[in-house]
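Peer 1: Sequence first, predicted model second:
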There are 2 protein chains.
Amino acid sequence: MRMSALSATTEVPVATIKYYLREGLLARGDLSAPNQAAYGEAHVRRLRLIRALIEVGGIGIAGARSVLAAIDSDMPTEQTFGIAQLTVSEQIDPADLDPNFLDRVDTALEGWHVSPQNPGRLAAARALMAISAAGQDDLRGWVRRYTEAALLVASADLDEVDAREDRQEKAELVVVGTALGDALFSGLRRAAQEHVSAERYFQGTAARTDGPSNATSAASSHRDSQEES
Amino acid sequence: MRMSALSATTEVPVATIKYYLREGLLARGDLSAPNQAAYGEAHVRRLRLIRALIEVGGIGIAGARSVLAAIDSDMPTEQTFGIAQLTVSEQIDPADLDPNFLDRVDTALEGWHVSPQNPGRLAAARALMAISAAGQDDLRGWVRRYTEAALLVASADLDEVDAREDRQEKAELVVVGTALGDALFSGLRRAAQEHVSAERYFQGTAARTDGPSNATSAASSHRDSQEES
DNA sequence: TATGATGGATAGCCGTACTATCCGATAGTT
DNA sequence: AACTATCGGATAGTACGGCTATCCATCATA
């Protein structure tokens, strides 16, 4: 399989494949001559993985490089988790994190085994800080309820990983789950918001695919315009 | 309050404030002369909101403009939800979405009131498609468990919004919750992953802040290097 | 009336993710 | 053997997003 065939089967432009080769995301094909390389199924798989991570996972080229390296290495699954987490969460300097919000997070996480450096802990604190800075501070049990949901999701994640035998398979699932699980969850969350909203304020109307009772999807027009003192 | 004071209290560079003014994210101050403008508390609040949306929420300038316009308008809360959802979820063309994955999502969402155009439904389908393309297909109850967690989170969201009186407050919470809730949740999810992992494989070690039993945060070295046929 | 800050307009910068062009080597056809 | 299309690789260019820097006339203050 030459590069153009690889391009055709994956729908990734040749120029982009060359770019990934340059960036070290994709291994070069077997050279039978200085300008004839052979690519195989492994390359197809890898290329699809790269696209998924970058396009949907939103992890950049550098991030893709680091998680792919983790998959290809022989490190244990927990360490792969760590790298995947570090990669998807952009780096946060604990220094510019108000300790109050770290405390709030730690309170919500009471009893959990989470290291202080866990990227998620820091990210959660930063999110809370931003929410508070944006003027929303009185959040009652909101955070705690999020925490419970997060526990469910994390259990599902780990169960799924545990179900695999091969360490390569495990590693790939860890990376894919970490990078794309966020996207999946937020999609489902938005769907759930519409559902709950519909149930509460328009309850009684029939289920999906029919009603014009679409609570949250009513957006249109109303763009721009913004004044204030 | 002049622009430099606004800059000082919010820690946003003057040049950046000017940029936001140009982009219509922030209203101009009251001009007492062609080069003397007065800014007030409302501007401080708004500026902090903008920073939170852009820095943490990852919503771009254009996205910020559209949700801010929604806040400032007098549209009903459900419509604000719709706009916030459209804004945080990047547009997906249903055409390049394999119907099989939409079906899978719809199966997981069975019995819910969700319109076919709901951005979350489409985003979830795309995430599933990417996960499958990345070679992870056999996901048993994973999606369903995510769905259950999403329902919890959405209920928490709606409860919180319902607790507000003022429509402006409601609208701001909708926007902030939609844009920053994802960040909060994924942070908590990562923390939960470490917790569950620790409980399962190192169970018995004491709670946070102590043990070296940090399952997922062990990442380090092991960067780069990647070969394959 | 001199000094420095102010607001606004314009142009430039930087990083990221590609994309386009060129080139000499090779493969397949005749 | 000649010709043409295609190949892999190197290099340079592009598009966009989010700022950042410079300029300038105007103003507050001393």
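Peer 2: Received, thanks.

Peer 1: Can you list phi and psi of the most far-flung residue of chain A relative to its centre for me?
Peer 2: Relative to the centre of chain A, and counting by C-alpha atoms, centre = their mean, the farthest-placed residue is residue A:33 at 40.0 Å. Residue A:33 adopts backbone torsions of phi -160, psi 160, taken as degrees, to the nearest 10.

Peer 1: Now for it: which residues touch it?
Peer 2: Counting by C-beta atoms under 8 Å, 6 or more residues apart in numbering or on different chains, residue A:33 touches no other residue. C-betas here are computed from N, CA, C, even on glycine.

Peer 1: Check residue A:175 too.
Peer 2: Contacts of residue A:175 (C-beta under 8 Å, 6+ apart): A:53, A:67-68, A:70-71, A:80, A:84.

Peer 1: do the same with residue A:101
Peer 2: Counted by C-beta under 8 Å, 6+ apart, residue A:101 has contacts A:125-126, A:128-129, A:132.

Peer 1: Could you tell me the backbone phi and psi angles at it?
Peer 2: Torsion angles, degrees, to the nearest 10, at residue A:101: phi -80, psi -30.

Peer 1: Look at the residue farthest from the centre of chain A and report its pLDDT.
Peer 2: You'll see residue A:33 listed with a pLDDT of 94.

Peer 1: Export the contacts of residue A:175 to JSON lines and append columns for neighbour count.
Peer 2: Below are these laid out as JSON lines (neighbours: other C-beta atoms under 10 Å in any protein chain shown):
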{"residue": "A:53", "neighbour count": "27"}
{"residue": "A:67", "neighbour count": "26"}
{"residue": "A:68", "neighbour count": "24"}
{"residue": "A:70", "neighbour count": "25"}
{"residue": "A:71", "neighbour count": "24"}
{"residue": "A:80", "neighbour count": "27"}
{"residue": "A:84", "neighbour count": "29"}
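
Peer 1: With secondary structure, pLDDT and distance to DNA strand C as extra columns, can I get these in a markdown table?
Peer 2: Below are the contacts of residue A:175 laid out as a markdown table (DSSP: H, G, I helix; E, B strand; the rest coil; pLDDT from 0 to 100; distance: C-beta to the nearest atom of the strand, whole Å):
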| residue | secondary structure | pLDDT | distance to DNA strand C |
| --- | --- | --- | --- |
| A:53 | helix | 97 | 10 |
| A:67 | helix | 97 | 13 |
| A:68 | helix | 97 | 14 |
| A:70 | helix | 95 | 18 |
| A:71 | helix | 95 | 18 |
| A:80 | helix | 95 | 21 |
| A:84 | helix | 96 | 16 |
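
Peer 1: If we check chain B, which of the residues you listed are in contact?
Peer 2: The residues of the contacts of residue A:175 that also fall near chain B, by C-beta under 8 Å from any C-beta of the partner chain, are A:53, A:68, A:70.

Peer 1: Among the contacts of residue A:101, which lie within helices?
Peer 2: Residues of the contacts of residue A:101 located in helices (DSSP state H): A:125-126, A:128-129, A:132.

Peer 1: Out of those, flag the one nearest to DNA strand D.
Peer 2: Nearest to DNA strand D out of those is residue A:126 (C-beta to the nearest atom of the strand; 15.7 Å).

Peer 1: before we move on, the earlier item: ok, the residue farthest from the centre of chain A to DNA strand D distance?
Peer 2: Using C-beta to the nearest atom of the strand, to the nearest Å, we find residue A:33 at a distance of 8 Å from DNA strand D.

Peer 1: who's that residue bridged to?
Peer 2: Legend: beta-bridge partners of residue A:33 under DSSP bridges are residue A:36.

Peer 1: Cross-check the contacts of residue A:101 against chain B and keep the overlap.
Peer 2: Within those, those near chain B by C-beta under 8 Å from any C-beta are A:125-126, A:128.

Peer 1: which among those residues gets closest to residue B:108?
Peer 2: residue A:128 (29.3 Å; C-beta to C-beta).

Peer 1: At the contact with DNA strand D, which residues of chain A appear?
Peer 2: Within reach of DNA strand D by C-beta under 7 Å from any atom of the strand, chain A has these residues: A:2-5, A:14, A:18, A:21-22, A:28-29, A:31, A:34-37, A:39.

Peer 1: how does chain A divide up, domain by domain?
Peer 2: Per automatic domain parsing, the structural domains of chain A span A:1-56, A:75-201.

Peer 1: Point out the most buried one among those.
Peer 2: When you average the neighbours per residue for each of the domains of chain A (mean count of other C-beta atoms under 10 Å in any protein chain shown), domain A:75-201 leads with a mean of 21.

Peer 1: quick check, distance from that one to the centre of its chain.
Peer 2: On the basis of C-alpha atoms, centre = their mean, to the nearest Å, domain A:75-201 sits 10 Å off its chain's mean C-alpha point.

Peer 1: Can you pull the phi/psi pair for whichever residue of chain A sits closest to DNA strand C?
Peer 2: Nearest residue of chain A to DNA strand C: residue A:60, at 2.9 Å (C-beta to the nearest atom of the strand). Backbone torsions of residue A:60, given as degrees, to the nearest 10, read phi -80, psi -180.

Peer 1: Thanks a lot, catch you later.
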